[in-house]
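Visitor: No letters, just coordinates:
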């Protein structure tokens, strides 16, 4: 039996076309690849020079692109045994060993083919490199201009060309010629060049060039590193030996305008953003997001109802996160983030208002992705929708997300924490690695959906409420009618028409006020029923199960045990007694009993409402404490007024204490019969300074979409009709706990 011939792979030269020209989308990404190599070589600066182009930046015979850096340079061994060999594993091995550079940088390249992006730019290349601590200088050259773009012909003649047929020369100079410690101009300053680095010159340029394309290259390269670092950590200082800047030149002219462009964006982010989400971090081990929201610390767990209640969360992670629980959490790794949200609407007020130029600057940016502070392209470009935000808005529901162009931000991943988030070979985004990539994108989609449904919805609701409230407070319609009356003067027919319009307006206003009072009453009834219904339904369910059990037992043969029957019937009666008590308290709110005023001990009604909220307080771990001072506090009013007052105060306190993560959760009530006041206090987050002027106004709520904006308004209206009052405590002696403190005066004003 003869031995079969041994075959070996022999790649055609056109493989270089696939690795460089066809794999890399455009010249911008090709340049970025070469600059990343300089970053990996610990360069502190990279100088990119476009020279010999026409007035309109069209290509000419002498057009050339030069990329120069002060990195560690390449040795003869690297050039001979790695640079000219596709898919060299040297950087990949370094990553597996978690190696960093001398400056502590995480190596960006890993596939060993990024260098061939150079063929996207031109066919003739000269690479001169001087290693650190070496007097020698090495120059690698190749000229592929005699071949067609596909490496199928040589000087116009068809030819089978293999990689080994392409001539690449390496010359060695014992004394450096190009890279020497001389003065070089970088921007507006002169420095002494290091005695090491690399210089790449590319001629026989390819593609179509124009000024717009070059400006896009400028814009891309200036955003290679994170543009948010100064905003996130304005007081932090980089290591002096770890600077990395990219400078762009046209011939001998430095082009610094991109710096000014980014400065404008930074000012807008710092001064005009409606929401500033900073210092964000997703901790995979804990399954939560921690961040500052407009300067206030917040922690948001994937198990919080604010998250699990979002439709997109249920769509991607199943109800209550069942998918996550089944596979033990997400698999993308921990990451950091920051987002800045703007209001493009005409209703934006004050510093949130934006003119056309400011909106255009913001729209040029999206959410950037950085790996170890170096950008992953094309994420962040204005035409990129890598999180599918616009797709969701267009095909499912626009109300789920903010518009893509009104959010500027970043996400930073690292080689160490996110090894399964891998760049595509084409350098356009992340490879689909299954759960890791999906989890990463879904987490960001869920978080941005929460921003839209939570903080931004509250901002918009508050904005509209404040506009309406301001209009009512200033009596704009009445003032306008008076101004119109003065303007009309003695015109009798016009005065008659104005008087008729004024009378109609007043009649309509009185009617609407009456309607509002009825609505307020019904809203109070509704809140009471809503509060009691959950416990009532729970008890009724258990009661029905007990009855069904008794019915089944009565139909079975044998004698029924009277002690056991008595036990079950007693339990059943207790359940029905609880339901009766709950409904009795609700019944006090209806019109038939609402009008009869009498002296009521406030403590008795407070205890009734406390029992209504008993299960909620127990579930949230809230301690309830009552202090009585002096004689019993008595109010001449109705049960309905006090019930609605306490229902709203308890409801608000439970809502805000739910968000309290650490320490005891407390509600404390002081009843002072001597002064005739009641203080209702909790140790939640309290009322923000922005909300204080509006918390008693109708339809204004700090809870965003979850709030009705009627509770405190109804309480104040009802008390006012009985000549009592409620206000936010402003005296130190009226503040029992560090959160919200409300003072109710039962002394008629």
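Guide: That came through, no problem. What you are looking at is a predicted structure, and each value in this text was computed from that prediction instead of being measured.
Visitor: Following the chain onward from the helix or strand residue 262 falls within, which element is next?
Guide: Using DSSP states H and E, residue 262 maps to helix 257-272. Going down the chain from helix 257-272, the next helix or strand is strand 275-283, by DSSP H and E.
Visitor: State the paired neighbours of that following strand in the sheet, together with their directions.
Guide: strand 288-293 (antiparallel), strand 335-341 (antiparallel) (DSSP bridges).
Visitor: Could you check those and tell me which one is nearest residue 599?
Guide: strand 288-293 (46.9 Å; CB to CB). Glycine gets a C-beta too; all of them are placed from N, C-alpha and C.
Visitor: I'd like the next helix or strand past the closest one.
Guide: strand 296-301.
Visitor: residues making contact with the following helix or strand past that following strand?
Guide: Once the chain leaves strand 296-301, the next helix or strand it forms, by DSSP H and E, is helix 305-308. Residues outside helix 305-308 that contact it (CB atoms under 8 Å, 6 or more residues apart in numbering): 300-302, 313-314, 319-321, 446, 450, 454.
Visitor: ok, so of those, who is nearest residue 329?
Guide: The closest of these to residue 329 turns out to be residue 302 (CB to CB; 8.4 Å).
Visitor: Show the low-confidence segments of the stretch 601-749 of the chain, by residue range.
Guide: Applying pLDDT under 70 to the stretch 601-749 of the chain flags residues 659-661, 690, 698-709, 748-749.
Visitor: mind listing the strands for it?
Guide: For the stretch 601-749 of the chain, the strands defined by DSSP state E, counting those that start in this stretch cover 622-629, 634-637, 665-672, 677-682, 725-728, 741-745.
Visitor: and the closest residue to residue 118 other than its chain neighbours, helix, strand or coil?
Guide: Spatial nearest neighbour of residue 118, chain neighbours left out: residue 125 (5.7 Å); criterion: CB to CB, 6 or more residues apart in numbering. Using DSSP: H, G, I helix; E, B strand; the rest coil, the structure places residue 125 in strand.
Visitor: check contacts around residue 125.
Guide: Counting by CB under 8 Å, 6+ apart, residue 125 touches 118, 141-143, 200-203.
Visitor: what is it paired to in the beta sheet?
Guide: residue 142, residue 202.
Visitor: coming back round to it: ranking the contacts of helix 305-308 by neighbours, who comes first?
Guide: residue 313 (24 neighbours; other CB atoms under 10 Å).
Visitor: would you say that one is within a helix?
Guide: Yes. Assessed by three-state DSSP, residue 313 belongs to a helix.
Visitor: gap between it and residue 447?
Guide: Look at residue 313 and residue 447: by CB to CB, to the nearest Å, they are 10 Å apart.
Visitor: Confidence-wise, which helix or strand of the chain is lowest on average?
Guide: Between all helices and strands in the chain, the lowest mean by mean pLDDT, DSSP states H and E belongs to helix 591-594, at a mean of 46.
Visitor: Can you list the low-confidence ranges for the stretch 251-400 of the chain?
Guide: Flagging of the stretch 251-400 of the chain using pLDDT under 70 yields the residue ranges 257-261, 394-400.
Visitor: let's see 80
Guide: Residues of the stretch 251-400 of the chain meeting the criterion pLDDT under 80: 255-263, 305-306, 309-310, 319-321, 350, 390-400.
Visitor: Nearest approach to residue 487 belongs to which of the strands of the stretch 601-749 of the chain?
Guide: strand 725-728 (39.6 Å).
Visitor: Each with direction, which strands does the closest one pair with?
Guide: strand 741-745 (antiparallel).
Visitor: Contacts for the strand it pairs with, please.
Guide: For strand 741-745, the external contacting residues (CB under 8 Å, 6+ apart) are 645, 649, 676-681, 719, 724-729, 734-735.
Visitor: isn't residue 344 right next to residue 404, touching?
Guide: No. The criterion here is CB atoms under 8 Å, and residue 344 misses it with residue 404 at 11.6 Å.
Visitor: for the closest residue to residue 600 other than its chain neighbours, what are its contacts?
Guide: Closest residue to residue 600 apart from its sequence neighbours, by CB to CB, 6+ apart: residue 635 at 5.7 Å. The contact partners of residue 635, taken as CB under 8 Å, 6+ apart, are 599-600, 602, 642, 722, 724, 746.
Visitor: Between residue 344 and residue 404, tell me which one has more neighbours.
Guide: The neighbour count for residue 344 versus residue 404, taken as other CB under 10 Å, is higher for residue 404 (20 against 15).
Visitor: Could you report the pLDDT at the more buried one?
Guide: Looking at residue 404, its pLDDT stands at 78.
Visitor: Residue 461 too?
Guide: 70.
Visitor: now swap in residue 547 and tell me
Guide: Confidence score, pLDDT, at residue 547: 81.
Visitor: That one: helix or strand, and which one exactly?
Guide: Here residue 547 is assigned to helix 492-554, by DSSP H and E.
Visitor: What of residue 247?
Guide: Applying DSSP H and E, one finds residue 247 within strand 245-250.
Visitor: Any buried residues in that strand, and which?
Guide: 246-249 (16 or more other CB atoms under 10 Å).
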